[in-house]
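Q: Provided below are the primary sequence and the corresponding predicted coordinates.
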Amino acid sequence: MQVAEPGPNAAFYVVMNAGSGHSETALRESTIRDVLQAAGRTCHLEIVEDPAQLGDIARRMATRAREENGIVVAAGGDGTINTVAHEAVRQGCLFGVLPQGTFNYFGRTHGIPEDLAEAVHALLGARVTPVQIGMVNDRIFLVNASVGLYPQLLEAREHDKRQYGRSRVVAILSALKTALGRHRSLRITLDTEGITRKLRTPTLFVGNNRLQMEQVGMEPLTEAVEEGELAAIAPRPVGKLGMLGLMLRGALGRLGDADNVIGFSFKRLTVKHARLSPRRGIKVATDGEVTRMRMPLVFQVVEGRLLLLKPAADAASSAAGTESGAGTS
């Protein structure tokens, strides 16, 4: 897919999520502005103080980027990146990332530095690469989407982070507390490629990120994501010790060895309640953001709609891999 590279004077429209403190936010803002100013590039930057305003600000900045042939940039964690990417896809404008989250799966997968100054410098020499996104109903996801226990875990994690601070240790301890607590299993029907199966599981997790699949030890699904599919993981119902065992396997990168985990890949998957239910909707997590959606849920892969600015070396290797794959078909 041929896409136009940004012009040498293309402006950057940066949507930055406020940090945990005023001084941290001010430092990030000055770093972004200083690097771009030193390079002679125009920077329009808006800070999101209220998470409820993120969608409106992202929409406004992406619209301006499209109208001015500029680049909309997300500076924040996976949730911020997801929201800005959604608007970039809607507007068809170029998209850049300055990762500032806890795990930064999307940025790390695409070779984007976690150091802020290095990431801004990388934007200046980046190449445009169309990348795969996932969709569930009308929402996109870059890293993962899920129903059941995982959205509960995310809501608890956000609550604990507000109390105890944002760190990987807090995130892990919060996950353990939630996973080992009381929760109901989902009873769902899965339809994909003409195959229907009924499933009882505490959570259905759909991944669109090679790095995350590698880290938990789901190697066949890693290859599927690389080849343009989405990866589904669903543990069978287990007790507290069984759940602890699954979490330990995932932390050690050996989840694929577990007998009580179902994993498969797909391009389109429809999820319905297995039996009549009075519930009109279900909580769905997309890249860490939890919303309520109506059933059925339709998960599908969408190729090439997100026009990502990747660091030049990483973008070149991706392009070479695509050309190589095309030559062997």
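A: Sure, I can see it. Numbers count the residues shown, from 1 in each chain.

Q: where are the low-confidence patches of this structure?
A: Where the chain drops to pLDDT under 70, the residues are 1-2, 20-21, 157-183, 240-241, 243, 247, 249, 252, 275-280, 314-329.

Q: could you list every residue that touches the spatially most central residue of the chain?
A: Geometric centre of the chain, nearest residue: residue 143, 2.9 Å, by C-alpha atoms, centre = their mean. Taking C-beta atoms under 8 Å, 6 or more residues apart in numbering, we find residue 143 in contact with 78, 82, 105, 106, 207, 208, 209, 212, 287, 288. C-beta: built from backbone N, CA, C; applies to glycine.

Q: Give me the subset of those residues lying in helices.
A: Counted as lying in helices by DSSP state H, out of the contacts of residue 143, are 78, 82, 105, 106, 212.

Q: Count the neighbours of the last one for me.
A: Residue neighbour count, defined by other C-beta atoms under 10 Å, stands at 22 for residue 212.

Q: How about it, nearest residue that isn't a chain neighbour?
A: residue 105 (5.3 Å; C-beta to C-beta, 6 or more residues apart in numbering).

Q: max-length strand in the chain?
A: As assigned by DSSP state E, the longest strand anywhere in the chain is strand 297-310.

Q: Can you tell me which helices and strands it packs against?
A: helix 78-91, strand 94-99, strand 127-136, strand 230-235, strand 268-273 (3 or more C-beta pairs under 8 Å, 6 or more residues apart in numbering; DSSP states H and E).

Q: Show me which of the ones you listed has the highest average neighbour count.
A: Highest mean neighbour count among the helices and strands packed on strand 297-310 (mean count of other C-beta atoms under 10 Å): strand 94-99, with a mean of 26.

Q: care to break this protein down by domain?
A: Segmentation of the chain into domains, based on automatic domain parsing, reads 12-126+311-327, 141-302.

Q: CSV for the contacts of residue 143, including distance to residue 129?
A: Below are the contacts of residue 143 laid out as CSV (distance: C-beta to C-beta, whole Å):
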residue, distance to residue 129
78, 19
82, 18
105, 17
106, 13
207, 20
208, 15
209, 16
212, 19
287, 19
288, 23
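
Q: which one of those residues is nearest residue 97?
A: Proximity of the contacts of residue 143 to residue 97 (C-beta to C-beta) peaks at residue 106, which lies at 6.7 Å.

Q: Tell me how many other residues surround that closest one.
A: 27.

Q: show me the contacts for the closest residue to it other than its chain neighbours.
A: Using C-beta to C-beta, 6+ apart and skipping the chain neighbours, the partner closest in space to residue 106 is residue 142 (4.8 Å). Shown in contact with residue 142 (C-beta under 8 Å, 6+ apart): 78, 81, 82, 85, 106, 133, 134, 208, 209, 287, 306.
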